[in-house]
Structures are given as C-alpha cells and as structure tokens.
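A.B. asks: 3D model of this:
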Amino acid sequence: MKNVILFFLVILIFNACTPAGGVTPINNPTITVKSKYIIGPCGDTIVPKGVNYAVYGWGWNTTENLFPEIAKSGANCVRIVWYKNSTAPAYANLVLLDSALSRCIQYKMIPVLELHDVTCNNDTSAIINTANWFTQSNVKTILLKYQKWLMINPVNEAGYVMWNSNNENRFKLMYQSIITNLRNAGLNMPLVLDASDCGQHLRLWKNIGQTLQTFDPKHNLIFSAHAYWNSYAASVTEITSLINDAATWNIPIILGEIANKQDDNNGNCTLNLDLTTTMQAAHNNNIGYLAWVWVQDNCTSRQMTTNGNFNTLTTYGNQIVNTANVGIKFAKKPKCF
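C.D. replies: Numbers count the residues shown, from 1 in each chain. Got it, this is the predicted structure:
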C-alpha cells in the first residue's frame, strides 16, 4: 500500500511540474544555434533585428539612458560598441559595462557585445590579443552573469581576405585561435564572427563558415557581414542574389551592420546604399539585421535619431523602424525574456 501511495505522489508531483500538454519547457543556459537558425534559451527561433549603439556617448560620459528609447523602436537586439583600450573613461569602468548589459536585457533586447579596437585592422596578433579581453577574469565574471541572453562579437571588422590575395586560410586560423581561447575560458554563448575586409565579405562564409562551426567545440557560432556593399553587391539583383544564396549555406547569418550610406576612401559618407533591397532580402530569408547607428556618427545622415530619443527619428531611422513588415518595429521578441 505504501508503494502505491508513493507511486501516486510521484505522478502528482510530475504533473504539477509539467505544463499543460505534457511537454517539459526548454530552458537552455545560453542562446544556441542549429543549422541556420538561432535558438533562444526557451527553444524558439530568433531573428535579431535592432540597432548598433555606442553606449555612454562613445565612452565619454558615465550616464546611459537610451536603452528605453531604443526599446520603443521594437528592436529585439542591440549591438553594443565597446573598447578594450581607449582614452574615453567609461570603457575602463567595468561597472558601467555590467550596467549596460543589464539595462539592455531589462528592456528585453539581446545584447551583442563587440570590441571596436581593431576595426579594419589586418594585424593577426593584435586582433587575437584584443579578443582575449573577453577571457580576463573580471570581464568574464560579468559576461557569465548575463550569458543566458548575451552574444559576443569578439572583434569588429577585423582581418583581410579579398585585400590580402584571397588568403582565406590565414583568416580562418585567426578565428580558430579566438574560438579556442574564448571557449577554453568557459564562455559558451554564441560568438558572432565578422566577415573579412571591414566586414563586407559575406561570401567568405560560404567557403569557411561550416568549417569554423565544426571546429567550435560548442558549435555555437553566428556569421555576420556588414552590408557596406557599394562596390561589392550594389544593384538590386546583386544584393538579392547574395542574400538569397547566403540563406542556403546552412549556417546562421546576420547582417551586423546595415546603413543607408557608406564612407568613401576619404572617410566621407558620400556613397549611397540600397537599404530598401537589403532589408527586404534579409526579411524574406529570415536573416536578421542591425542598423548602424542609433545616434552619434561621423555621418549625420547615418544616424537613426538626432539626439537618441525615439521621438527624433530621422528619415533613415524611420525607414529602419517603420518599413511595412520588414522594419524592426515588427521584430519578434524571444520567449521567456
């Protein structure tokens, strides 16, 4: 009789802890990937749509108050600009980093933390050394605190392939070193890897993306490109074909930066980009995108807002947010945030 009573008690406890339908909820410790899909901690597919944001006014103040303004856009993701080495005082204060990550998640947006130090740099040693910042114990403590929702973008737009005799192997080995170092440090969240040649070379991932995914012991990589494609894929046909093709590579792809303007060789934002086609093609293929930039850019035409407040959206910002069906206003929030 005691055994019968015990059996029914176990059944009652199981039923009390199992949701209707008898399916045990998924609750993974981090965001993961499967094939070409990004999977949230609760098992839903995530298509990141949001913005880039240089927190603390590019590091020159210690007050951050714009995450609630960004959240009004509907964004489900924010790529946070940070520096390992900078004269801007905020970047030396890890309490402020902790606060930024916390605030981003508080407003139900996935933080993608990136280091901007080696942008468009081709010094492999400097690139790997910069990425090792994530493994420092005081930094790692903060990252692990938010690992359920955090993505790490180790370096911004670093390394050359097209501009280095198409040396894909050198670039691949560079990222293998970064992956090894971060995984050995116990960082298991997704690593977002920027394409080569200032982030532009999306086609590179067709050749080496799956190799890197297999190499990663966690198989948790997301492959990013920055759509400054004025001379890479400029026409409607080229952009559409490139993004349609990327969707067939069986690896998770995002466009970590998209914009309406590209800098010319003199650093002036004189080159127009087909933002409409890029947004539509990405949307059609369930590829996420993050717009550059919410506020404070050397090119005012490339700012989504004039002062960071949502009610100051520029024409460009309005397009990113409100374009019917494809704007970030229509981004789906992950479950169980």
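A.B. asks: Can you name the residues bridging to the residue nearest the centre of the chain?
C.D. replies: Nearest to the mean C-alpha position of the chain, by CA atoms, centre = their mean, lies V112 at 4.5 Å. On the basis of DSSP bridges, V112 is bridged to R79, M151.
A.B. asks: Give me the pLDDT value at I178.
C.D. replies: At I178, the pLDDT value in this model is 99.
A.B. asks: my bad, should have said L12
C.D. replies: Looking at L12, the pLDDT reads 44.
A.B. asks: One more: N65?
C.D. replies: For N65, pLDDT reads 87.
A.B. asks: what's the answer for the one 10 residues further on, then?
C.D. replies: At A75 the predicted local distance difference test score is 98.
A.B. asks: same thing with I26?
C.D. replies: pLDDT at I26 comes out at 83.
A.B. asks: List the residues that contact it.
C.D. replies: P41, C42, G43 (CB atoms under 8 Å, 6 or more residues apart in numbering). Backbone N, C-alpha and C define where each C-beta goes, glycine included.
A.B. asks: And these, which of them are buried?
C.D. replies: P41 (16 or more other CB atoms under 10 Å).
A.B. asks: give the contact list for the residue nearest to the centre of the chain.
C.D. replies: P48, C77, V78, R79, I80, L150, M151, I152, N153, V192, G256, L290.
A.B. asks: pretty sure the last one is touching V47, no?
C.D. replies: Which is L290. No - between L290 and V47 there is no contact under CB atoms under 8 Å: 11.4 Å.
A.B. asks: those helices in the stretch 51-200 of the chain, which residues are they?
C.D. replies: Assigned by DSSP state H, counting those that start in this stretch, the stretch 51-200 of the chain shows helices spanning 55-59, 67-71, 94-106, 124-131, 137-145, 168-184.
A.B. asks: Of the ones you listed, which is nearest F337?
C.D. replies: With CB to CB as the measure, helix 94-106 is the member of the helices of the stretch 51-200 of the chain nearest F337 (7.6 Å).
A.B. asks: Pull the residues that contact that closest one.
C.D. replies: 55-56, 62, 64, 67, 78, 80, 82, 90, 110-111, 113, 138-139, 142, 145-146, 149-150, 337.
A.B. asks: returning to that earlier point: distance-wise, check the residue nearest to the centre of the chain relative to Y289.
C.D. replies: With distances taken as CB to CB, to the nearest Å, V112 is found 12 Å from Y289.
A.B. asks: okay, and the common contacts of these two?
C.D. replies: P48.
A.B. asks: Report pLDDT for M1.
C.D. replies: 50.
A.B. asks: What of the one 4 residues further on?
C.D. replies: Looking at I5, its pLDDT is 45.
A.B. asks: related to what we said a few turns ago, got the contacts of I26 as TSV, with pLDDT columns?
C.D. replies: Listed next are the contacts of I26 as TSV, based on pLDDT from 0 to 100:
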residue	pLDDT
P41	97
C42	97
G43	97
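A.B. asks: and of the contacts of I26, the nearest to F134?
C.D. replies: Closest to F134, out of all of the contacts of I26 and judged by CB to CB, is P41, at 20.2 Å.
A.B. asks: Please give the element, helix or strand, for the closest one.
C.D. replies: Here P41 sits in a region with no helix or strand, counting by DSSP states H and E.
A.B. asks: can you tell me how far it sits from F337?
C.D. replies: On the measure of CB to CB, P41 and F337 end up 9 Å apart.
A.B. asks: any shared contact partners between the two?
C.D. replies: What both P41 and F337 touch, as defined by CB under 8 Å, 6+ apart, is the set W149.
A.B. asks: which parts of stretch 293-301 are buried?
C.D. replies: V293, W294, V295, Q296, D297, C299.
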